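S.K.: give me coordinates for this.
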Amino acid sequence: MDKALVYGTRDSGLHSFIALTLAVQDKVQPRLPFAPPWSPPSSSPQTLALFPSVPPSFPPPPSPLNSPSPPFPSNRLTRSFLSHCSLVSRPPYIPNRIDDPSYVRIFDTTLRDGEQSPGATMTSKQKLAIACQLAHLGVDIIEAGFPASSPDDLDAVRSIAIEVGNNPDENGYAPVICGLARCNKADIDAAWEAVRHAMRPRVHTFIATSEIHMKYKLRKSRAEVVRIASEMVAYARSLGCEDVEFSPEDAGRSDREFLYHVLAEVIKAGATTVNIPDTVGYTLPSEFGRLIADINANTRGIENVIISTHCQNDLGLATANTLAGAYSGARQLEVTVNGIGERAGNASLEEVVMAIKCRKELMGGLHTGINIKHIVMASKMVAEYSGLHVQPHKAIVGANAFAHESGIHQDGMLKNKSTYEIISPEDIGLTRSNESGIVLGKLSGRHALRSRLLEFGYDINGKELDDIFKRFKEVAEKKKHVTDADIEALISDEIFQTQVIWLLGDLQVTGGTLGLSTATVKLIASDGEEKIACSIGTGPVDAAYKAVDIIIGVPVILLEYSMNSVTEGIDAIASTRVVIRGDTTHSSTHALTGETVFRTFSGSGAGMDIVVSSVRAYVSALNKMLAFKDLSASKAARKVS
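M.R.: Next up, the predicted model:
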């Protein structure tokens, strides 16, 4: 391929794509060049910091002031071609290559790395629901969990492999279902047992390669690490797994030459994807982009695999590093919904996908298979099931992402929305405006409520609609006007709850300065049995929680309690989140450290009464813990029998 054609012209992104297409048509398998096949449109420090790997030997693009052609896209052919490219469907899945050089696979690890966040433990049913939503969203690969961590995780991953991994979408694509495994046979056996039922199973195995990890954590030499890595990749392939991903943990701090050697050996052993993790979020975009480019240029056999990125957010650079990696040749990006994950989290799916989409011309025409209309729903589902609520200023999906309070901003928005919004909220599935003119209140019926729910993206019928309508009428009786935020709080409190073992019936509390706070609580069991208990406490919430404990009879520790108002005013709906921990039998193995981790369970609740909201959240967390405990007990009983 003529590199001058790729780098030396204004419409270089277009020419690069044409050149690569011609190479494919001529039955030549092109290898991605050392650097991305185009030049950035400017040489500003910001651009060079993000995209450092353009070879200096190639001339910079001509300045718009000195060029007769306008900035990219420069003509009707270019615009038409890019418009056509944006409509190109997902290329056929081949584990170790992508026939469309501009396509980027999205690897979602919300259910594995995301669940490692403290308090983010989800039930198997919730994991399955999220996996279904991820498939609906259009992710290419779902890392469903770490099967060796516990029998429950293995069963959850197996369920996802069976139900989601064998359910193609309207275009015939079913996502790859992946299980994580350390580089040992027991882990790989568990991962393969869990994912092998899917149409497209993958085993993802890893071992550390940085000096600090090999010396202090693994206590192994370089030669031992190389041997173990290559042997375990080969072992995974020997089980019948044709799609094996390998990660050199802490690659960002690993010696380059050693890293090239490890990757070459695992490629030789049969790896189809090599993932480059910035495990501790240490690198800057300039470093990480150069790392991907160097691996692409110096690793034997790299043309036979997909390069992936996995960036942690310890310095707040996960999204920037991921984009730099994609620019430099990575064609799989590992992300999580809402950016949840270990410590400060991971690269955020919605940020990475929307950055690629919004700045397509700067990213060389890269595109994904994500249906962005489902981003908001996925974000809400993960927030509610994980118990990790999104901060208001979170990019793309935060409550303030499309809010404009400044007078100057409001004036600009009224004149033209593009003055202050680079993304339309409707594009990602967020509907805030009431175009139908319907004002919801105490006289509104089911049809009006369902119409508004459809505007939010919730297609709800049957019992779920009945339950939400009942809660809506309770609020409408007390409030003159029920806001969109009120309705969404009720939706979250009803449809995103876990399996119902106990349900709050009635609650009565007393408090104040004249005596001890007391609470009387009625809970209804799943079989309809009602139980009532009374207790005293240091405050009405404490008293209510103690009464709940008396009824349920399971000792727990309250680790976290937080509350915020959903809307303004004295009649605002309160949203409460709690995190609890039960006895020490609820444990699993941490994927990276191998340590035993005691599970925690989160719950959320909403209501106009803050005590009611608090008890709903507490009962929600208890339901999650009890469901997990019952599942473990039934599995143990089956093994004994």
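S.K.: average pLDDT for the helix or strand containing S535?
M.R.: In this assignment (DSSP states H and E), S535 forms part of strand 530-537. Throughout strand 530-537, pLDDT has a mean value of 96.
S.K.: what sits against A533?
M.R.: The contact partners of A533, by Cβ atoms under 8 Å, 6 or more residues apart in numbering, come to T520, V521, A547, V548, I550, I551. C-beta: built from backbone N, CA, C; applies to glycine.
S.K.: of those, which belong to helices?
M.R.: Secondary structure from DSSP state H places A547, V548, I550, I551 of the contacts of A533 in helices.
S.K.: so how far is E529 from the last one?
M.R.: Counting by Cβ to Cβ, to the nearest Å, the gap between I551 and E529 amounts to 11 Å.
S.K.: which of those two has more neighbours?
M.R.: For I551 versus E529, the count of surrounding residues by other Cβ atoms under 10 Å is larger for I551: 19 against 9.
S.K.: my read is that the more buried one contacts K531, right?
M.R.: Yes. At 4.7 Å, I551 counts as touching K531 under the criterion of Cβ atoms under 8 Å.
S.K.: joint contacts of the two?
M.R.: L523.
S.K.: rewinding a little: closest to S210 out of the contacts of A533?
M.R.: Within these, the smallest distance to S210 is 47.3 Å, found for V548 (Cβ to Cβ).
S.K.: looking at that closest one now. What's its pLDDT?
M.R.: 97.
S.K.: so it touches T520, yeah?
M.R.: No. When contacts are counted by Cβ under 8 Å, V548 is not listed as touching T520 (11.2 Å).
S.K.: which one of those two is surrounded by more residues?
M.R.: Neighbours per residue (other Cβ under 10 Å) separate V548 from T520, with V548 holding more: 23 against 16.
S.K.: what ranges in the stretch 351-500 of the chain fall below the confidence cut-off?
M.R.: Along the stretch 351-500 of the chain, the parts satisfying pLDDT under 70 run over 403-411, 413-414, 431-444, 455-457, 478-481, 483-485, 488-499.
S.K.: for the strand holding S535, the distance to its chain's centre please.
M.R.: Its chain's C-alpha centre and that of strand 530-537 lie 40 Å apart, by Cα atoms, centre = their mean, to the nearest Å.
S.K.: do the same with stretch 192-208
M.R.: 19 Å.
S.K.: under the pLDDT cut-off, which ranges of the stretch 51-200 of the chain? List them.
M.R.: Across the stretch 51-200 of the chain, the ranges flagged by pLDDT under 70 are 51-88, 118-119.
S.K.: residue ranges for the strands of it, please.
M.R.: 105-108, 141-145, 176-182 (DSSP state E, counting those that start in this stretch).
S.K.: G505: which of the ones you listed is closest?
M.R.: Closest among the strands of the stretch 51-200 of the chain, using Cβ to Cβ: strand 141-145, at 35.3 Å.
S.K.: which helices and strands sit right next to that closest one?
M.R.: strand 105-108, helix 124-137, helix 151-163, strand 176-182, helix 185-195 (3 or more Cβ pairs under 8 Å, 6 or more residues apart in numbering; DSSP states H and E).
S.K.: who wins for proximity to F469 among these?
M.R.: Comparison of these against F469 by Cβ to Cβ identifies helix 124-137 as nearest, at 21.9 Å.
S.K.: what packs against the closest one?
M.R.: Applying 3+ Cβ pairs under 8 Å, 6+ apart, we find helix 124-137 packed against strand 141-145, helix 151-163, helix 375-386.
S.K.: turn these into JSON lines, columns for mean neighbour count and distance to I212.
M.R.: As requested, these are arranged in JSON lines below (neighbours: other Cβ atoms under 10 Å; distance: least, Cβ to Cβ, whole Å):
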{"stretch": "strand 141-145", "mean neighbour count": "30", "distance to I212": "25"}
{"stretch": "helix 151-163", "mean neighbour count": "22", "distance to I212": "28"}
{"stretch": "helix 375-386", "mean neighbour count": "23", "distance to I212": "30"}
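S.K.: format those as TSV; extra columns: distance to P285.
M.R.: Converted to TSV, those look like this (distance: least, Cβ to Cβ, whole Å):
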stretch	distance to P285
strand 141-145	24
helix 151-163	33
helix 375-386	23
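S.K.: the closest residue to D108 other than its chain neighbours and V203: what is the separation?
M.R.: Closest residue to D108 apart from its sequence neighbours, by Cβ to Cβ, 6 or more residues apart in numbering: V139 at 4.4 Å. Distance of V139 to V203, given as Cβ to Cβ: 18 Å.
S.K.: what about E421, which helix or strand?
M.R.: Under the criterion DSSP H and E, no helix or strand holds E421.
S.K.: what is the neighbour count of it?
M.R.: E421 has 15 nearby residues by other Cβ under 10 Å.
S.K.: these two touch, right, A591 and G145?
M.R.: No. In this structure A591 lies outside contact range of G145 using Cβ under 8 Å: 9.2 Å.
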